[in-house]
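J.: mind folding the following:
(chains A, B and C)
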Amino acid sequence: MSAVSSYAKALAVAAGRAVPIATRRHVYLSDRPLVFVPLALAGEANAPLAAMIGTSPHDPYMLLVPQPRNRDLRFGFAASLAEVVLAYVRSCTARFEVVGTDRLFLDAPQLLVPNAAGLGFVKLLGRSTRFRRTNGPYPVPAGVPLLGRWLTHLGERSEHPGSSAMLAMTQTLSAHWASGQSAVEDANLAALLGWIDPPEGVCGSEAALAAEDPLVWPPAGPSTDPAFDNEVLAPAIRAYQSATPDSPKRRRAVETLERELRGQMEPTWRLMWHAIKVLRRLPAAETVETRWTADRRDFSRYHDYLSTDGRPQARRDGAVAAARRLQSLEREQTTFDAARALDDPLVMASYRVTGEAFQGTVVSVDRNRRILSERGRRVTRPKVVVGTGDPVHLPVGESLRAPQRIKQNARITEIARSADGVLVTLELDGGMGRAAVPAPGSVPEVGDEITYTSVYPDAIRSPDLPPTDQTPWTHGGPPRPYVPTDDDAREAWE
Amino acid sequence: MDNLQERLRHIRGSAAEKRHNARTVAALTSNPGCARRAVLDAAGVDKDRLARHVGFPAKFGQSQFAITRGNAFEAQVKANGYAELLRLLRETLGLEIREVGSTNLEDVGGNTGQEVRHARSRQKLTSAAADPNAAATFYDHPLLRLDVGGSRVYLEPDLVAFHHDGVFHVVEIKSFAVIDNQADARKVAAAATQSAVYVLALRRLLGDDKVAHEVVLVCPKDFSNQPVATKVDVRKQLIVLNHQLSRLTRIESLVEALPPTLTLDLAPDDDGKFSRPAAEVIAALGEIEARYAPGCLATCEMAFFCRQEASGCTATLGLSVREELGGVETVAEALGLADGILVEGDDQAEVAAMLRTTARIFGSVAA
Amino acid sequence: MSLDLAAQAERVVVEILDDFRSGRHRGVVVDSPPGAGKSTLVVRTAVALASVGERLMIVAQTNEQVDDLTTSLSAAVPAGLTIGRLASSAYVRPARLAALANVLVDKDVGNLLSCEIVIATAARWAYVKDRCWPWAILDEAYQMRSDSLLAIAARFERALFVGDPGQLDPFSVVENDRWRGLNWDPMQSAVAGLLRSNPDLPVHRLPVSWRLPASAENVVATAFYPYTGFRTSAEPGDRELTFGTRAFGRSSVDALLSEAAATGWGFYELPARHTLRTDAEAVCAVADVVRRFLDRGAIARSGNDSRPITAQRIAVGTAHRAQAAAARQALFDLPEVTVDTANRLQGREYDLTIVLHPLSGRRDATAFHLEAGRLCVLTSRHRQACVVVGRVGIRELLDAHPSSEPVHLHEPVKFPDGWAANQTVMNHLYAHRIAA
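T.: Numbering: from 1, shown residues only, chains lettered A, B, ... in the order given. Okay, here's the model as predicted:
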């Protein structure tokens, strides 16, 4: 939460409609995302009940488990899901380019789920399937272990700031719009979309209130409405269970389950595509493509890994893996935060309010200023003075960058405050060419509107960490190498 | 205040007192600053019924699948003379004994009155505590008692295990899964606070040194029905509980501030239908100040009512949002200050300036 | 100062030196409450090892800490020994180091291998490859993150880990629970992780604070070191705060100064108000208090040594940078007065501290504001007195604080509990309150 997004929420309450807090879309949206709406049975760790999945709003593929506690039926669900997911992954490998010695796919999978709990479901399903084997004493249907690895991989990617490999729609929408309700209520996809794009003639708060009625808007899942469970689902499952296989009674029970569960998922399915449409209206931010390339690179690498070694991801990170992951996440978080502000003036606004950035007009320029550097050479260091009405809470000496001149360093040499505003004097370095005189256009001109920020992506170096087999004694020494066992394959999934 | 109990009874009205249990006692720590909740809980009002009557039913239903699963898991854990549990506790607590006795305190020879059951539990537990050589024993469903704000609350932990070193450990059986040694941190927190209530009750009975601050949480392991046991240190939860229980005595001053005729009675008629007009009940509720925050939605049956009542307040947007808006009470006030329409009070100069800056900068970009 | 305490403290130090130098353990941990002689211990251990020809490396967390230690080492090591201060390319050598003849500063560790002692920040050490020292001392090891230790653990055979468990924990901008409960959780402190993987390592405790006055012993030990405690070397009467001039009239600030002089504590209570993070009135009050101490000519006596309290001996402590910036601005004409956040005040010492209470003016307390380590740093920097400025309402805030912190399995519970520590301190301060 920042002062700006909180203020936007207040505006949303008054307007009766969500207020944009971004002018650009900061996530990548695939032309063919795989939309996934899962439902799970209450009370279990991960008992899939039903799912809707597909890459277009029409004709979603529906899966269901008529007796969620039946192990075979559960693996049957996983097998069917595997078919869909693995086919989708394969389709992303159709085109590639060669970069150096590596093959980089031009596409990458993008899995879209309704909410954060959906992300959790994908991770858990990945965990419960990736250690299985298709042969040996406890075989599971083909594709299931591979499904597990991919779901787990997407689950891990979703924790990387800036990645678009797997997104929870509620989180993505909240990052671009401020609703007139709290973050807790924003976790309800129907309510959030009610604020962002309410039906004709209905105001946001009314639409959101309607969204809280499970009879009108079934929960987006994976949890189901307890009343639905008790009044509809339980009797239907009992009917299935008590009927003999292949009997008309059983067929009817399956039909009932399918009809009812479809009814629970279809509204959310429609909401997902509605959300995609709403997001597509926003132009993509400049650095979205760069981050998606990172997602593609990661996909290509993992794809290659699976075709060679292919062991499932470890249950928990070892000491070195954990430290390495933390380093990446920190680098990516700072880069992503800075990039969004540089890409989007509305995101930059929150830094302007805190005084970490400012926007103003250039009032004077000393273009040809040259000084003696530390080493005694003459160097070009133009000076500009910017007048701004923004609160400036930066110290003299701080280094800033302008979004349009990201390679040019601007160091504050003076700050003069008056009743009319703040005059900031900056010494410029870099991005001007090598000649004695700055290249045309490389220095701001008097009258230019310009933004300077102290938050920019700096090349953050992370030190090397020891290889896993040299994990030091301080962190428990080298871990025992993972050897897949029958126990893993046998692990109960009850 | 001599007639506090009478006042509370009057507030509750004709309905029977809603009994506290460990979960509700634990919930006392979740919004201690809310006077409405404090009064309703002290008076033993059925908040679920009340919320429904005023038109804002809570949504805390429980799926029968969850209930069934919970019961099945507990049965599994205790099957075969606690075989599974014994093995787990040996590993987790270091119980070295081979044999273990068990005492079922669930019913007392047909007479299941709470007073009698509690007396029997008390007797069994205190005599075991007094004899350090007593064999390790599981006490199944003992009935404990705790004084909560002047009234007696009966509490029933799933199990209490008696380590032969003379120290009791509370054992809590929950049906959420522990996967790769991790579990949902919010659920663990709730279980920890609930267990701390039992630890507290046991300590009041037997003394602090006889009851461990570590409880044993028993949950399904990974995706199976097999149990896994984890020790959970509940010292922090004990600190908070102790403090909140001692605060409950201040219910007197809260009640004193209320109109003496105030009642939340729903006036059931002969058919059991509630005849008191909802508007009257709402007016009565309005006399008791609430402190709504979005967190209430997950923990209190009255949350939807209080939310609607608080409509227009910045608290409905979230406490951190309210803070970012300078702590201003209402959305209208925040926007008024931001637009310069509202003239700020002496106290509000800084907040108004911050809001104006935010509005100006936001407006300059959003345009 | 009690001779018994001094003797006790010396015994502990000797035990530590013996334990470490014997090489019995790969790691020895030393818990050091505020002002317990941590830096002295680091220097003494380094000298003991270097004097008998052992090569050692020293790790500190910030450049300032490295430079401070380098200066102390330079004065303490025998003639003929050199200290190598390993720097990064951005480092600018401060004047006080330039003058030291036995200190070599270099960006390349290869040029410092002849030095008996090599010292650098943890961040700089992480880029050193392939070399190994038989001995290492890690200073402020509780403020070092576990992944930082992982990056440098191969650089040494045996290490002494010294730090204050009561002060601030390391943190990250990343929020992720996937490593919670793991022995090697990279986000925990280096010592916490070390001990979980190596529970048999000895943990020594320095028993005496040489810094804090007797008036601070009870509250700081009870609030922040509830299971281990410590004693102050100073006994009642050993420290005294007096003023060169008398007070004019009966201003509340002067009443506050009297309270501070009489008891070693003061709580300047401003009227109740919910304010922004930067509360101009509170910042003003803080500045007023600082100025009054200086204007009244405060004098600090420690044992038989009396000296006037100059601006350098006074510090202002806050929770947020913005608050520190505002206070810095309010005291712009007194640049020698230190004004900083708790983060940056760690390890430093003053005669007087004036603290803006982290919970002042707030409606709700977050984990950040309740963090025990923050309050510990702010209330344990002083030799004479600590004055806290805050608004009415802090007690009510603590009282009504809802507690719904998540609980992670297998994660050791950290004490003291932030809320409980705040309660203890606030109850204590309340007895010393002066209404503004």
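
J.: centroid-wise, who is the farthest residue in the chain?
T.: Unless you meant another one, I'm taking chain A. Going by C-alpha atoms, centre = their mean, the residue of chain A most distant from its centre is residue A:376, 49.3 Å out.

J.: my bad, the chain I had in mind was chain C
T.: Distance from the C-alpha centroid of chain C peaks at residue C:249, with 37.4 Å (C-alpha atoms, centre = their mean).

J.: hmm, back to that, is the residue farthest from the centre of chain A in a helix, a strand, or coil?
T.: Here residue A:376 is recorded as coil under DSSP: H, G, I helix; E, B strand; the rest coil.

J.: doesn't residue A:38 belong to a strand?
T.: Yes - residue state for residue A:38 (three-state DSSP) corresponds to a strand.

J.: residues near it, how many?
T.: For residue A:38, the count of nearby residues is 24 (other C-beta atoms under 10 Å in any protein chain shown). (Each C-beta comes from the backbone N, C-alpha and C, glycine too.)

J.: and residue C:187, by the same measure?
T.: The number of residues packed near residue C:187 is 22, by other C-beta under 10 Å.

J.: which helix or strand lies directly C-terminal to the helix or strand hosting residue C:317?
T.: For residue C:317, the host element (DSSP states H and E) is strand C:314-318. Downstream of strand C:314-318, the first helix or strand assigned by DSSP H and E is helix C:321-330.

J.: identify the residues contacting that next one?
T.: A:393, C:277-278, C:280, C:283-284, C:286-287, C:316, C:318, C:339-341, C:356 (C-beta atoms under 8 Å, 6 or more residues apart in numbering or on different chains).

J.: return the member of the residues you listed nearest to chain B.
T.: Chain B lies nearest to residue C:280 out of the contacts of helix C:321-330, by C-beta to the nearest C-beta, at 5.8 Å.

J.: which ones are touching residue 211?
T.: Picked chain A for this. So residue A:211 contacts A:188, A:190-191, A:193-194, A:217 (C-beta under 8 Å, 6+ apart).

J.: look at chain B instead
T.: B:167-170, B:199, B:202-203.

J.: remind me, longest helix of the chain?
T.: Went with chain A since none was named. Taking DSSP state H as the criterion, chain A has its longest helix at helix A:248-280.

J.: that's the wrong chain, I meant chain C
T.: In terms of residue count, the longest helix belonging to chain C (DSSP H) is helix C:3-21.

J.: near chain C, which residues of the stretch 251-367 of chain B show up?
T.: Proximity of the stretch 251-367 of chain B to chain C, by C-beta under 8 Å from any C-beta of the partner chain, involves residues B:295, B:319-320, B:322-323, B:326-327, B:347, B:349-351, B:354.

J.: isn't residue A:36 right next to residue A:113, touching?
T.: Yes - Residue A:36 lies in contact with residue A:113 (C-beta atoms under 8 Å); the separation is 5.3 Å.

J.: one step back: the longest helix of chain A packs against which elements?
T.: strand A:34-40, strand A:48-54, strand A:61-64, helix A:169-176, helix A:189-196, helix A:234-242 (3 or more C-beta pairs under 8 Å, 6 or more residues apart in numbering or on different chains; DSSP states H and E).

J.: what helices and strands are in contact with the first one?
T.: Spelled out, it's strand A:34-40. So strand A:34-40, by 3+ C-beta pairs under 8 Å, 6+ apart, packs with strand A:48-54, helix A:71-91, strand A:111-113, helix A:116-129, helix A:248-280.

J.: format the CA atom coordinates belonging to it as PDB.
T.: Taking C-alpha atoms only, strand A:34-40 is exported to PDB below (Å, rounded to 0.1, in the frame of the first residue of the first chain):
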ATOM      1  CA  LEU A  34      -4.100 -21.500 -20.300                       C
ATOM      2  CA  VAL A  35      -7.000 -20.500 -18.000                       C
ATOM      3  CA  PHE A  36      -7.500 -23.000 -15.100                       C
ATOM      4  CA  VAL A  37     -10.400 -22.900 -12.600                       C
ATOM      5  CA  PRO A  38      -9.900 -25.700 -10.100                       C
ATOM      6  CA  LEU A  39     -12.200 -26.900  -7.300                       C
ATOM      7  CA  ALA A  40     -11.100 -29.000  -4.400                       C
END
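
J.: residue A:334: neighbour count?
T.: Neighbour count for residue A:334, taken as other C-beta under 10 Å: 18.

J.: now do the buried residues in the host helix or strand of it.
T.: Per DSSP H and E: residue A:334 is located in helix A:319-343. Across helix A:319-343, burial judged by 16 or more other C-beta atoms under 10 Å in any protein chain shown covers A:319-327, A:329-343.

J.: need the nearest residue in space to the residue of the stretch 1-150 of chain B found nearest chain C, chain neighbours excluded.
T.: Nearest residue of the stretch 1-150 of chain B to chain C: residue B:33, at 3.2 Å (C-beta to the nearest C-beta). In space, and not counting its chain neighbours, residue B:33 is closest to residue C:400: 3.2 Å by C-beta to C-beta, 6 or more residues apart in numbering or on different chains.

J.: equivalent analysis for residue C:47, please.
T.: Distance criterion C-beta to C-beta, 6+ apart; nearest residue to residue C:47, sequence neighbours excluded, is residue C:76 at 5.3 Å.

J.: report pLDDT for the one you found.
T.: What the model reports for residue C:76 is a pLDDT of 96.

J.: next: residue B:109.
T.: 61.

J.: also the one 4 residues further on?
T.: The model reports residue B:113 with a pLDDT of 76.

J.: distance of it from residue B:255?
T.: For residue B:113, the distance to residue B:255 equals 30 Å [C-beta to C-beta, to the nearest Å].

J.: show me what contacts residue A:429?
T.: A:379, A:381, A:408-411.

J.: if I look at residue C:130, how far off is residue A:349?
T.: According to C-beta to C-beta, residue C:130 and residue A:349 sit 48 Å apart.

J.: circling back to that earlier point, of the contacts of helix C:321-330, which belong to helices?
T.: Members of these lying in helices (criterion: DSSP H): C:280, C:283-284, C:286-287.

J.: who's in contact with stretch A:267-287?
T.: Stretch A:267-287 has contacts (C-beta under 8 Å, 6+ apart) with A:22-29, A:33, A:35, A:37, A:52, A:57, A:60, A:112, A:114, A:169, A:172-173, A:176, A:189-190, A:193, A:196-197, A:217-218, A:220-221, A:339-340, A:342-344.

J.: which among those end up buried?
T.: The buried subset of the contacts of stretch A:267-287 (16+ other C-beta under 10 Å) comprises A:22-29, A:33, A:35, A:37, A:52, A:60, A:112, A:114, A:169, A:172-173, A:176, A:189-190, A:193, A:196-197, A:217-218, A:220-221, A:339-340, A:342-344.

J.: okay, now the unreliable bits of the chain?
T.: This is for chain A. Within chain A, the stretches with pLDDT under 70 are A:1, A:484, A:486-487, A:490, A:494.

J.: wrong chain, I was asking about chain C
T.: C:1-2.
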